[in-house]
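> Turn this into a model:
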Amino acid sequence: MILFLMLLSEDIPHHLSLSHGVDSEFYGAGKFLYRNYHTGLNGDCALICYTPPCPLIEQSSDDWAPFRNHTEFKTAEFLYSHTQMSAPNINTLLDLWATSLLKHNDHPPFADHKDLYNTINNIPIGGINWQSFSIQYSGDKPAEPDVPPWMSEWFDVWYHDPREVAWNILANPDYVNEFDYCPFREFSVNKDEHRFQDFMSADWAWQQADIIATNPDNLGATFVPIILGSDKTTVSVGMGNNEYYSLYLSIGNVCNNEHAETKEFHNFRHQIFHSSLAKILNTLKDPMSKPEVARFGPYIADYEEQVLLTSIMRRWCPRCLAPCQSLDDDALCRCEAHREALFEEDTFSSVLWSEFGIVGEVVPFTNDFTHADIHQLIAPDLLHQIIKGYFKDHLVTWAERIMDDIDQCLAAAVPFTGLRCFLQGRGFKQWTGDDSKALMKIYLPAIEGHLPTDVIRMFRVFLEFCYLIQKNVITKDTISQIEDMIRWFHHYRQIFHQLGVIPTFSLPRQHSMKHYPDPIHLFGAPNGLCSSTMENKHIKAVKQPWRQSNRYNTLLNKIAALHVNFTKRSMLSGMCLMDALHAEGGVDNPSASVNATSPNVQIESSADLDDGEIDDGPTEIEAQVQLAQTCPLAIKLRFLFEQLHPHDPHDHVTIPADSFPVYDGKVSVVNSASLRFYAPSDPSGIGGMQREHIQSCLTWRNGPARYDYTGMWVVQPSFDGHSWNISVIHINAIYHAAHLLPVYGTEFIPHNLNFCHSLDAFHAFYVNKFADHHAFEIAF
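Below is the predicted model of the structure:
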């Protein structure tokens, strides 16, 4: 949904500045990009009809509220966040603690788990009270005793006021440099090509601004898109099987007893969902036609949630009217007006089901909201539709019906930074999204040579489609490539039908590929609106708090937010013991005593240098490299000669050693480095930093290269006689690490071959352009 706010200058959060008032300007370093800004909803101030949050108050460095001191906060963080201790165990520990302190007439930080939970809930950060309501079935009931339990039960719904949540996001100073104040269109200077990236750069935000700006009262509004997402998650299995429907909200300005499943119960579950959403979002209904204008916008959900949201039957498309038997047929888009017309004509339920795939018994939550067309606003789902659904559940399963024994090829894949190893192949019981992503990166070479050529080509164009739609910036050229990949994929996948592997391709998740170009135009790059965001939030927002609580009433884990607040105030730099000694007068400067042994040395533990670690540091730097110091002398001297004589026409290998420069000093060899870099589209997110390790290894060059069905270059080792042709190169010459995957050939490899020996055991290797998004851009 989209919220248009009219703000007075004194009501703007102190860390946000108003629009620059410029219709067009160059953007970024140099003059390679320019932006056209919307002149109607441009962030100039006007009226306000809702009270914004109070300005942030500066806090002292010894204010631990609601905790009394450092020790109390660290105890709560340790018990609740780090060890995730259960309530009974917390009580046992605090009881033993109290016993040990009894002789000193003292007491532990908390009396019991309830005292701990209450203190956590009193953390002021966030500042939005929970609200709740209960809902119950109100339809016709059968005669007693045949009334199923769910018809009599009350179901609780807990939520935050979405308007207050939006205002708190606006008041967050962390977004000071990551905020778009109005819709814009970004173009490259050299091609004058529209670049789709963040939500505000896409067409839908601009189109909605055009509509709203037709009302003179709305001119100068700050345009704040509110993006919703929901997903069902299970917090306990085996005992209770408790399920949560979690609803998440963000704003688009920021730079995304058992009972049988009867038809009546199925519809009741769906109606609970829609009625709950309508109640939660009720505070956004009144401003629909006032200076604070609300309209529904992108909704992030997987396919099962999309079916629920749009009130359609499974196996139908939530975006178009294509029949479920032939989804890839050309068809008109679904729209709310068409649905309403069908109901006004009193169309029979059986006709709604069979011809349009509509569930007529469920009233959608958008029914009472004007300008709300949920069919248009369904966002594409990369994780569940493409990666987990399309790739793993469809393509991999179909390929394995032709060839079962590929596990050894997967196990022999050469390790690489950020890639997981499949030591036992892919034969494990539960697949996660990360497992599917990792398999995608090494799967193509494992099946090449064993499956028909069209299958290899199909996997290649599918992988290229996946990487193209996950790019941080998508241009019209990129969209053309995406459309080409879709056409080629539909062409090559026919091999599975010809081989009798699959009788039909009319599958909703496969059909969803067809709809990707339009949402990119409307909402920007899909990786900003992906359900993987909600998958990650499930762990922190629902599952961990559930496991840490008494299993019946979940707690909101506010400790992480308070930890960030304390860190910004430099309150967590020392140990609790040092702070306690300082409070007792025993140590003048607690932090100085900790670092007294090496005041000029910054030490990073091995835990801080994990491969693929996500780094929340600033993105202004391009790279920060830390070298780890530990090759025959002639190679080193040849390298020095090459640096001194870069334009020497002779083959440096043939130059006699006595012509090399004389150097008697110590030579240090760098075998590895910790690299911190800006990594859009990688696991760090579209705007984050990532830290990885790179290790030096023997490089092979001047060997024959070819471009085969996989779309990847093939290289072979270069030899000087019977020895590897090796040399020292300047670190500035390293552009990107190369991941080499063996060309396995048509024969199955021995089961005793370990991946550690793959570089020695094989004679040719693919340069894996699917190792990460950087490699895909470089080796495309």
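
> just the helices in the stretch 401-550 of the chain please.
407-411, 433-447, 453-469, 476-492, 494-498, 508-511, 517-523, 532-537, 544-548 (DSSP state H, counting those that start in this stretch).

> Now render these as TSV, adding distance to V351, mean neighbour count and mean pLDDT.
From N, CA and C alone the C-beta is placed, and that goes for glycine too. Shown next, in TSV, are the helices of the stretch 401-550 of the chain (distance: least, CB to CB, whole Å; neighbours: other CB atoms under 10 Å; pLDDT from 0 to 100):
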stretch	distance to V351	mean neighbour count	mean pLDDT
helix 407-411	49	20	82
helix 433-447	38	21	85
helix 453-469	36	21	91
helix 476-492	31	16	94
helix 494-498	31	15	90
helix 508-511	21	20	88
helix 517-523	28	20	91
helix 532-537	35	18	65
helix 544-548	43	19	58
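
> Quick one: closest of the ones you listed to S201.
Judged by CB to CB, the one of those that comes nearest to S201 is helix 517-523, at 9.7 Å.

> which other residues reach the closest one?
196, 199, 202-204, 298, 376, 379-380, 469, 474, 479, 482-483, 526, 529 (CB atoms under 8 Å, 6 or more residues apart in numbering).

> Give me the residue ranges of the stretch 1-150 of the chain where confidence is low.
Scanning the stretch 1-150 of the chain for pLDDT under 70 picks out 1-22, 44-58, 126-127.

> returning to that earlier point: among the helices of the stretch 401-550 of the chain, which comes closest to P88?
When the helices of the stretch 401-550 of the chain are compared for distance to P88 using CB to CB, the nearest one is helix 544-548, at 12.2 Å.

> other SSEs contacting the next helix or strand after the closest one?
Sequence order places helix 559-568 as the next helix or strand after helix 544-548, per DSSP states H and E. Under the contact criterion of 3 or more CB pairs under 8 Å, 6 or more residues apart in numbering; DSSP states H and E, helix 559-568 touches helix 70-77.

> hmm, back to that, restricted to buried residues, select the contacts of helix 517-523 in ChimeraX.
In ChimeraX, a selection of the buried entries from the contacts of helix 517-523 looks like this (16 or more other CB atoms under 10 Å):
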select :196,199,202,203,204,298,376,379,380,469,474,479,482,526,529
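
> Just the ones in strands from the contacts of helix 517-523, please.
F196, I474 (DSSP state E).

> Could you work out the end-to-end span of stretch 714-726 for me?
Using CA to CA, to the nearest Å, the end-to-end distance of stretch 714-726 comes to 19 Å.

> What of stretch 190-201?
19 Å.

> ok, back up a step: out of the helices of the stretch 401-550 of the chain, nearest to Q136?
helix 544-548 (23.9 Å).

> before we move on, the earlier item: out of the contacts of helix 517-523, who's nearest H515?
Of the contacts of helix 517-523, the one sitting nearest to H515 (CB to CB) turns out to be P380, at 6.9 Å.

> Look up phi and psi at that closest one.
The phi and psi values for P380, taken as degrees, to the nearest 10, are phi -70, psi 150.

> tell me the contacts of it?
With contact set as CB under 8 Å, 6+ apart, P380 has these partners: I469, S512, H515, Y516, P519, P526, L529.

> Over to E345?
Applying CB under 8 Å, 6+ apart, no residues qualify as near E345.

> Could you measure from it over to D368?
Shown here: E345 relative to D368, a distance of 21 Å by CB to CB, to the nearest Å.

> can you map out the helices along the stretch 1-150 of the chain?
Using DSSP H, counting those that start in this stretch, helices in the stretch 1-150 of the chain cover 70-77, 87-101, 113-121.

> Quickly compare these and say which is most buried.
Of those, the one with the most neighbours on average (mean count of other CB atoms under 10 Å) is helix 70-77, at a mean of 20.

> who's P742 bridged to?
F765 (DSSP bridges).

> quick check, nearest of the contacts of helix 517-523 to D330?
Using CB to CB, these come closest to D330 at E483, 14.5 Å.

> Low-confidence stretches in the stretch 651-780 of the chain?
Low-confidence segments of the stretch 651-780 of the chain (pLDDT under 70): 652-653, 663-708, 780.
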